[in-house]
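K.L.:
below is the structure, and that's it, no one-letter string:
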C-alpha cells in the first residue's frame, strides 16, 4: 500500500454537510415565504429508550435443548418479528473475544488515512462515506464503511494493506454471523409453515457467500449539528440483518409513530427483519424504519451482516394470494436505486403492491 503521509483519517463529511446546508438555506428561504414560522420550526418530540425483546437462541445455535424449549424459542422469535421487526439474541454463537478482536481491527482500519481508504483498493475497493446521492443535509449519513461481499473477504483481490490480522478476524465473524442468520431465517420461515429438511433446500434460496455482505461501520463524532444522522432513516433491502453495535448507542427505530432509542446490551446481538422477509411473509414480519443518530464526542463502531439472495432470485411468498407482485431481488435493488436518485429517498415495497 502506498504511503499517505500527513493525511487525515477523517472523510470530508463536514465539507459535504456545509455544501448541502447552503442548499437547504436557499430552499428554506423560499419555503418561509409561504409557510408560517411555527410550521417551519416545529420541535421534535423527545426520544424514549426501549429494550428490545431478548431471546436466548442457544437451542438453535448448539442443537441442544428439548423440543419444548425449541418451540418456545421459535415462537418468541416470530412474535418479535411480527410486533417489533427487531429483537436481541444471546447465546448466539458469536464469541465475545471474537467481537472484541473485530472492534480492535476496525479501529485500526478506520485510522488509516482517508486517501488510503478511498483509493488504495482495500477490502475489494468497498470503502464508502457520506451519501453521494444526498441533495439536502437531512439526506447525509455522517459515517464511513467498508461494505464487503463475503466471497471477497478471503479472495485474492481483497487487499488489507498492512493490516495482517483483519482478514482472519473478518472471515471468522462473517462465518459465525452467517450461521446465525441462516438459522434464524429457517425458523422464521418454519413459523409460517415452510419446513426445510436437514440437508435439503436452503432458505432463503439463493443466499450464499457470493450474495451476502458484511459491513464494517464507523460513525465519527459530529460536534456541530445535533440533528445530523449517522445513518439516515431507512429499511434494509435484504431478508434479515444481524448487527453488533458497541456501547455508545445511537440506533433508533420507529415503533408505532415515534422514534425509540435501542439500549445497547453487552454480549447481545441485534436482529432486524428486512424488506424481502416482509414481502415473503405477506406482511406478517415487519421491516421497520431505523436510523443512527450522531454523538457529539464519541465515535461509534458496528458490524452488520446482510442476508441477501442473488439478483436473479424471485422473492416469492409463503402463501398465496400475496399483496405483492412477483419480483426479483435485482429488480428490487434497481428500483430502490432509481427512487433514491430521483427523489432522494427509498420507496421500497409499496412499488411492488398488486
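P.N.:
Received it, and whenever you're ready, just let me know what you need. Just so you know, these numbers come straight off a predicted model, no measurement behind them.
K.L.:
where do the helices of the stretch 201-350 of the chain begin and end?
P.N.:
With DSSP state H, counting those that start in this stretch, the ranges of helices along the stretch 201-350 of the chain come out as 275-280, 329-343.
K.L.:
likewise the stretch 1-150 of the chain?
P.N.:
Under the criterion DSSP H, counting those that start in this stretch, the stretch 1-150 of the chain contains helices at 13-32, 37-40, 58-61, 67-83, 96-110, 114-119, 122-125.
K.L.:
returning to what we had before: now the helices of the stretch 201-350 of the chain in a markdown table, with distance to residue 259?
P.N.:
All C-beta spots, glycine's among them, are computed from the backbone N, C-alpha and C. Formatted as a markdown table, the helices of the stretch 201-350 of the chain follow (distance: least, Cβ to Cβ, whole Å):
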| stretch | distance to residue 259 |
| --- | --- |
| helix 275-280 | 20 |
| helix 329-343 | 21 |
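K.L.:
quick one, which of the helices of the stretch 1-150 of the chain gets closest to residue 284.
P.N.:
Nearest to residue 284 among the helices of the stretch 1-150 of the chain is helix 67-83; the distance by Cβ to Cβ comes to 5.8 Å.
K.L.:
hmm, who's touching that closest one?
P.N.:
Here helix 67-83 makes contact (Cβ atoms under 8 Å, 6 or more residues apart in numbering) with 52-53, 55-57, 59-60, 65, 86-87, 184, 187-188, 190-192, 273, 277, 284-286.
K.L.:
buried set for that helix?
P.N.:
For helix 67-83, the buried set under the neighbour-count rule, 16 or more other Cβ atoms under 10 Å, comprises 70, 73, 74, 76, 77, 78, 80, 81, 82.
K.L.:
for the record, mean pLDDT for stretch 175-189?
P.N.:
Averaging pLDDT along stretch 175-189 yields 96.
K.L.:
which other residues reach it?
P.N.:
With Cβ under 8 Å, 6+ apart, stretch 175-189 has contacts from 57, 60-61, 73-74, 77-78, 81, 89, 92-95, 98, 150, 196, 202-204, 207, 209, 212, 214, 239-240, 242, 269, 271, 277, 280-281, 285, 303, 305, 307, 318.
K.L.:
tell me which residues in it are buried?
P.N.:
In stretch 175-189, counting by 16+ other Cβ under 10 Å, buried: 176-178, 180-189.
K.L.:
for the protein, what's the longest helix?
P.N.:
If you go by DSSP state H, the chain has its longest helix at helix 166-191.
K.L.:
okay, the angle between that one and helix 67-83?
P.N.:
90 degrees (axes from the mean of the first three to the mean of the last three Cα atoms, to 10 degrees).
K.L.:
can you tell me which residues contact residue 147?
P.N.:
Residue 147 makes contact with 126, 128, 213, 215 under the criterion Cβ under 8 Å, 6+ apart.
K.L.:
go on, residue 192?
P.N.:
With Cβ under 8 Å, 6+ apart, residue 192 has these contacts: 78, 281, 284, 318, 319.
K.L.:
how about the closest residue to residue 86 other than its chain neighbours, what does it touch?
P.N.:
Sequence neighbours aside, residue 272 is the residue nearest to residue 86 in space, at 4.6 Å (criterion: Cβ to Cβ, 6 or more residues apart in numbering). Contact analysis of residue 272 by Cβ under 8 Å, 6+ apart lists 85, 86, 236, 240, 241, 243, 253, 287, 288, 290.
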